[in-house]
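Participant: only geometry, no sequence info:
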């Protein structure tokens, strides 16, 4: 199954249907496996064959950007695949961010070695900005890079990095100048480079996301592995956050919508006191309310991605989406668990796993408080993150 866009105005209905079938037939049955098993690399290539990893990559590097690809179809992919397995959306996020950032490199060696491999699912990217003492305050990172002849030498620790345990290449942000955002540079670091070590942390999704730490101990990389201008990478990091917050939002929407649909079927067929649960206003009105909230989150997320496709500012809309969608999805899934009764907590159903996964992304890419601070700052102009 492969989607082949024909123009920038491609009709995405076929793409959406293709992904929904893949999610239902391939991803959903295997969703519980990744609690205890590693995600197979051949599945990564199967995802690539759907056309989802090249949506932000130019055709010259194997992608479809400008030929039907873009931010909106990336959002569709996140929404639809998350119906089957919420955590698969991490592959969409990191491959998109990795190929987008490394594709901006002036070095043909970096662009041609890594970007086509990411698009084809032959390599896996990670994004290393967060550190043990700097999460939301990303401009205060302490990892350093210094020049040694024509090379760069990196030292530091990155924490809470998705795919820390299994990625092949990492977009590493390191300080090359003074404190603050203007002293941060971006480097392409192949993770088999001497001096790199990593540790995946135990978590409910550990075997798929391999979230953990990356340690850089005198890691020497060639000079052309500096991506973009020295000291100018913080803006690129924030731009990646902006579009990815909408992708996260749509992943949450997909998980919530699937759960609501499953629950609507449950209340139609589950009888108590001689009639289906769906006939009780206390049940039906709950579902109606959550359907409306989830749909509102969906519309806000796609508005954000349309602005991104048009090259227009979208930081505020992205922050709104990142605050609203995970919160809305968690509330909807929690309500559905209760409506299923004791079976809602049973591992035979995916509901509790979805709730746990969605709550995890209330934190990832910025906490709710940081999102509110961004919204308020843009609206009012005087709000600090502190």
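Facilitator: Okay, I see it. What you see is a predicted model, and the numbers here were worked out from it, not measured in a lab.
Participant: State the mean pLDDT of stretch 63-73.
Facilitator: Mean pLDDT, stretch 63-73: 88.
Participant: these two touch, right, residue 189 and residue 152?
Facilitator: No: with contacts counted by C-beta atoms under 8 Å, residue 189 stays clear of residue 152, the gap being 9.4 Å. In this view, the C-beta of every residue, glycine as well, is placed from N, C-alpha and C.
Participant: Common neighbours of those two, please.
Facilitator: 221, 225 (C-beta atoms under 8 Å, 6 or more residues apart in numbering).
Participant: mind listing the helices for this protein?
Facilitator: Applying DSSP state H to the chain gives helices spanning 13-22, 28-30, 41-49, 71-84, 89-102, 108-119, 206-209, 234-269, 281-309, 315-339, 351-360, 368-380.
Participant: which parts of the longest one are buried?
Facilitator: Of all the residues in helix 234-269, those buried under the rule 16 or more other C-beta atoms under 10 Å are 234, 236-237, 239-260, 262-264, 266-267.
Participant: can you tell me how far residue 82 sits from residue 266?
Facilitator: To residue 266, residue 82 is 20 Å away according to C-beta to C-beta, to the nearest Å.
Participant: Residue 75 now?
Facilitator: In terms of C-beta to C-beta, residue 75 sits 28 Å off from residue 266.
Participant: again with residue 301
Facilitator: Distance, residue 301 to residue 266, by C-beta to C-beta: 27 Å.
Participant: same thing with residue 246?
Facilitator: Counting by C-beta to C-beta - residue 246 and residue 266 are separated by 30 Å.
Participant: Would you mind pulling the contact partners of stretch 84-94?
Facilitator: In contact with stretch 84-94 (C-beta under 8 Å, 6+ apart) are residues 22-24, 26-28, 30-31, 34, 44, 47, 52-53, 74, 77-78, 81-82, 124-127, 162-163, 167, 205, 208-209, 244, 247-248, 251-252, 254-255, 258, 354, 357-358.
Participant: and with 7 Å instead?
Facilitator: Here stretch 84-94 makes contact (C-beta atoms under 7 Å, 6 or more residues apart in numbering) with 23-24, 27-28, 30-31, 34, 44, 47, 52, 74, 77-78, 81-82, 125-127, 162-163, 205, 208-209, 244, 247, 251, 255, 354, 357-358.
Participant: picking up where we left off before, out of the helices of the chain, which is closest to residue 176?
Facilitator: helix 234-269 (11.4 Å; C-beta to C-beta).
Participant: who does that closest one touch, helix- and strand-wise?
Facilitator: Here helix 234-269 touches helix 71-84, helix 89-102, strand 275-276, helix 281-309, helix 315-339, helix 351-360, going by 3 or more C-beta pairs under 7 Å, 6 or more residues apart in numbering; DSSP states H and E.
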